[in-house]
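[1] Generate a structure from the sequence data that follows.
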Amino acid sequence: LFGILQVIVLYLLGRSTFYTNTYEGAHSDGIPEAPRRYWFETERAYHLRLAYSRAVRATAPLKVRHRSHYIRTTGYDEGYIDALPLIREVPESFKPRLEFCEGQTYGSVQTESISVVMHYFNEPHSLVLRTVYSVLRTTPPEFLKEIIVMDDGSTYPDHTGVFGEILGSLAPRVRYIQNNVAMGLVPARRAVLSLATGEHVFLVDSHVEFHDQWYLPLLKITQGNPRAVAVPIVDLYRQNTQHLYPYDGVKLVFNIFLFWDSVLPPSNDGRPFESGALMGGAFMVKRARLSELDYLGRGMKGYGEENIELGLKSWMCGGEVWTVPCSRLTHFSADRDPDSVPGRPRSPYFYHNYQLLGESFLGDEHILRIARIRWKNEGKVDMATVRFNQNLSRSLGCGDAMGMFRRLMPMMELYTDDESGGYKLTVNDRCTAFRRSGMHGGVVEVLQGCTVTTDEELWNHVRYDKVYRIVRVGDIHCLDPGIARDPAGITKCNFQKGNQEFTYDPAVQRMKSLIFDLCLDLNDEDQLMFAPCGKPELAKIGFVYENYSQALIARGKL
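    Residues are numbered from 1 along each chain as shown. As a prediction, this is how the structure comes out:
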């Protein structure tokens, strides 16, 4: 009831304040808003902007008093967001000083049209407007074909009642589309991309500010290679600390299971560098190339992994992905993720989307067997979509995913002597191997030299959040201290009882059983065993978890 009353009060305050200042009577006196008209504004659009700014400022004190309510509702401190000018220069403190960028010229960049597309769900309207105005302010009309803004079925009210009217006043340069029902983040992203008509498409989140000349470094990449995807650097601005966190020096990659992470690039002076993955909320690509790749996110649900898909398809199908530090955006980060907004229930779509990509593009049954465990085997994916993606790859003459991994991400150490996607656990130049005892399990022993390559020597580890399983690739067996402890026992992976699950403590570098007071160690014959965890200083081996290669590396042993 309180929320309903609050919405009514805000609405009435906003409307009365707005209409007290008519289009003709609105003045910039006392409003920290850009007072002049811009090239993209008619007289009416100009006065609408000034009056809207006054309207949201009138409601800001109430929003400040109920700050926690608004953060729970939209993820943003709306009193603070509304207090910012709709049009402003990017603060000097937000602008990096990169040696390479300061010496760049863009005389070779041809004038080609850009469609900037965005979508949103239940976000503060002043934040969306600030993004639109930021594009208009920083992009010359000869480059900017259109801005497409899609409201994906928002239920959050417009307290001024004129948000849509303001966007309409910026037509035809700005197109405003409202969905009656929320599609979800990935389907909405796919839909808004398909509406673009410019020669280039730039997808962006609806809560950013653009730096001057943001488009030129990106066009230099996409005009140089029409199959390339160009990604700006997106610095994060945290509203709770009101502090900017620069995102320099990060190269996005994904591993063999399509989980993505970041590593250091070759240099951090501003030079463009190749990336495996890309930011899902900011990239530029030729529209013809995007259409050729079937856009992104076919068959995906909810939120996430469409950026992995576009990176994967780009590299496999004759293209490239480049991160371009000279192109900058500032991202206003919400205090929640896009699937946890009221009205859009959070669902476990991540693993569905991972598996859809893997079944479509990995094409290696050895890898898929272990990857399905990493994806929690939730795989009720639409096989018609998988077949569509596979046919698309064949029609475009796309290469092999494994070859792409070897070329692009050698730092990930995906293979040792075998291409089955496993890691060898080696001790004193000898490999641990599996010896079957009975139908369902056996023990781990050091049997042979590492020159012998069999499935029985290949291992991986499976990590869900902070819980691990150590899994043999050949036929999905897991280390299990409940079966045998010296040497270590192994049985078929059960994924539910806890006896095959481990946690990793980086302080003592131990892999500890989730339910037994036992840690992985070596016995006197250098065989894997489980020993009491009480005195880590007596352990013969510890493990270092290497984040980017997803490997567990034994300390003190190969």
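[2] Past the longest strand seen in the chain, which element shows up next along the chain?
    Longest strand of the chain, by residue count under DSSP state E: strand 320-333. The helix or strand immediately downstream of strand 320-333 is helix 349-361, counting by DSSP states H and E.
[3] mean confidence for that next one?
    Average pLDDT, helix 349-361: 86.
[4] what sits against the closest residue to Ser513 other than its chain neighbours?
    Distance criterion CB to CB, 6 or more residues apart in numbering; nearest residue to Ser513, sequence neighbours excluded, is Pro481 at 5.2 Å. Quick note: C-beta positions are derived from backbone N, CA and C, even for glycine. Pro481 makes contact with Ala488, Gly489, Asn499, Ser513, Phe516, Leu518, Phe530, according to CB atoms under 8 Å, 6 or more residues apart in numbering.
[5] on that earlier part again, what helices or strands is the longest strand of the chain leaning on?
    helix 99-102, strand 208-210, helix 215-224, strand 228-238, strand 273-274, helix 306-316 (3 or more CB pairs under 8 Å, 6 or more residues apart in numbering; DSSP states H and E).
[6] Going by neighbour count, list what's buried in that strand.
    Within strand 320-333, the residues scored as buried using 16 or more other CB atoms under 10 Å are 320-332.
[7] in stretch 122-140, what counts as buried?
    Residues of stretch 122-140 classed as buried: 122-139 (neighbour count, 16+ other CB under 10 Å).
[8] Need the mean per-residue confidence for that stretch.
    pLDDT averaged over stretch 122-140 gives 94.
[9] Over to stretch 402-421?
    48.
[10] average pLDDT for the top helix by length along the chain?
    Criterion DSSP state H: the longest helix present in the chain is helix 43-65. On average, the pLDDT along helix 43-65 is 84.
[11] Likewise for stretch 179-193?
    92.
[12] buried ones in it?
    Buried residues in stretch 179-193 (16+ other CB under 10 Å): 179, 182-193.
[13] Just the closest of those to Arg54, please.
    Nearest to Arg54 out of those is Asn179 (CB to CB; 29.7 Å).
[14] That closest one and Ser513, how far apart?
    49 Å (CB to CB, to the nearest Å).
[15] OK, contacts around Ala188?
    His119, Phe121, Met150, Asp152, Asn179, Ala182.
[16] Roughly how far does it sit from Glu306?
    11 Å.
[17] can you check Gln509 too?
    36 Å.
[18] For the stretch 451-558 of the chain, just list every one of the helices.
    When assigned using DSSP state H, counting those that start in this stretch, the stretch 451-558 of the chain turns out to have no helices.
[19] What are the phi and psi values at Tyr120?
    phi -150, psi 160 (degrees, to the nearest 10).
[20] Counting neighbours, what do you get for Asp524?
    8 (other CB atoms under 10 Å).
[21] And for Asp77?
    Asp77: 21 neighbours (other CB under 10 Å).
[22] got it, and the one 4 residues further on?
    When neighbours are defined as other CB under 10 Å, Ile81 has 22 of them.
[23] and it, what helix or strand is that in?
    helix 78-83.
[24] From Ala401, how far off is Met183?
    29 Å.
[25] Same check on Gly79?
    Taking CB to CB, one finds Gly79 at 48 Å from Ala401.
[26] which of those two has more neighbours?
    Taking neighbours as other CB under 10 Å, Gly79 and Ala401 compare with Ala401 leading, 22 against 19.
[27] Ramachandran angles for that one?
    Dihedral pair for Ala401: phi -60, psi -40, per degrees, to the nearest 10.
[28] these two touch, right, it and Leu312?
    Yes - if you go by CB atoms under 8 Å, Ala401 and Leu312 touch, sitting 7.1 Å apart.
[29] shared neighbours, the two?
    Phe361.
[30] In this structure Arg37 contacts His47, no?
    No - here Arg37 does not reach His47: they are 9.4 Å apart, not a contact under CB under 8 Å.
[31] Of those two, give the one with the bigger neighbour count.
    More crowded of Arg37 and His47, by other CB under 10 Å: His47, with 21 against 13.
[32] Let me know the distance separating that one from Ile166.
    In terms of CB to CB, His47 sits 10 Å off from Ile166.
[33] go on, Lys220?
    In terms of CB to CB, Lys220 sits 33 Å off from Ile166.
[34] repeat for Ala188
    For Ala188, the distance to Ile166 - CB to CB - is 21 Å.
[35] Same question for Leu290.
    29 Å.
[36] Kindly report the same for Arg289.
    For Arg289, the distance to Ile166 - CB to CB - is 33 Å.
[37] out of those two, which sits in the busier spot?
    Neighbour count, other CB under 10 Å: between Arg289 and Ile166, Ile166 has more, with 23 against 20.
[38] Now do the SS call for the more buried one.
    Here Ile166 is recorded as helix under DSSP: H, G, I helix; E, B strand; the rest coil.
[39] ok, for Gly75, nearest residue in space, not its chain neighbours?
    Ala334 (3.1 Å).
[40] the strands in the stretch 451-558 of the chain, which residues?
    Applying DSSP state E, counting those that start in this stretch to the stretch 451-558 of the chain gives strands spanning 458-464, 467-472, 477-479, 489-492, 502-505, 510-513, 518-522, 528-532, 542-546, 551-555.
[41] Let me know the average pLDDT across the last one.
    Pointing back at strand 551-555 there. 53.
[42] Same question for the fifth one.
    Taken as a whole, strand 502-505 has an average pLDDT of 78.
[43] quick one: strands adjacent to that strand?
    strand 467-472 (antiparallel), strand 510-513 (antiparallel) (DSSP bridges).
[44] mean pLDDT lowest for which of the ones you listed?
    strand 467-472 - the lowest mean pLDDT of those, at a mean of 53.
[45] rewinding a little: would you check which pair of the buried residues of stretch 179-193 lies furthest apart?
    Greatest spatial distance in these: Ala182 and Leu193, 17.3 Å, computed using CB to CB.
[46] All the helices of the stretch 51-200 of the chain, in order from the start?
    Under DSSP H, counting those that start in this stretch, the stretch 51-200 of the chain gives helices at 67-74, 78-83, 99-102, 125-138, 163-169, 185-194.
[47] Need the ones you listed in JSON lines (columns: distance to Tyr354).
    Listed next are these as JSON lines, based on distance: least, CB to CB, whole Å:
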{"stretch": "helix 67-74", "distance to Tyr354": "28"}
{"stretch": "helix 78-83", "distance to Tyr354": "33"}
{"stretch": "helix 99-102", "distance to Tyr354": "35"}
{"stretch": "helix 125-138", "distance to Tyr354": "30"}
{"stretch": "helix 163-169", "distance to Tyr354": "36"}
{"stretch": "helix 185-194", "distance to Tyr354": "13"}
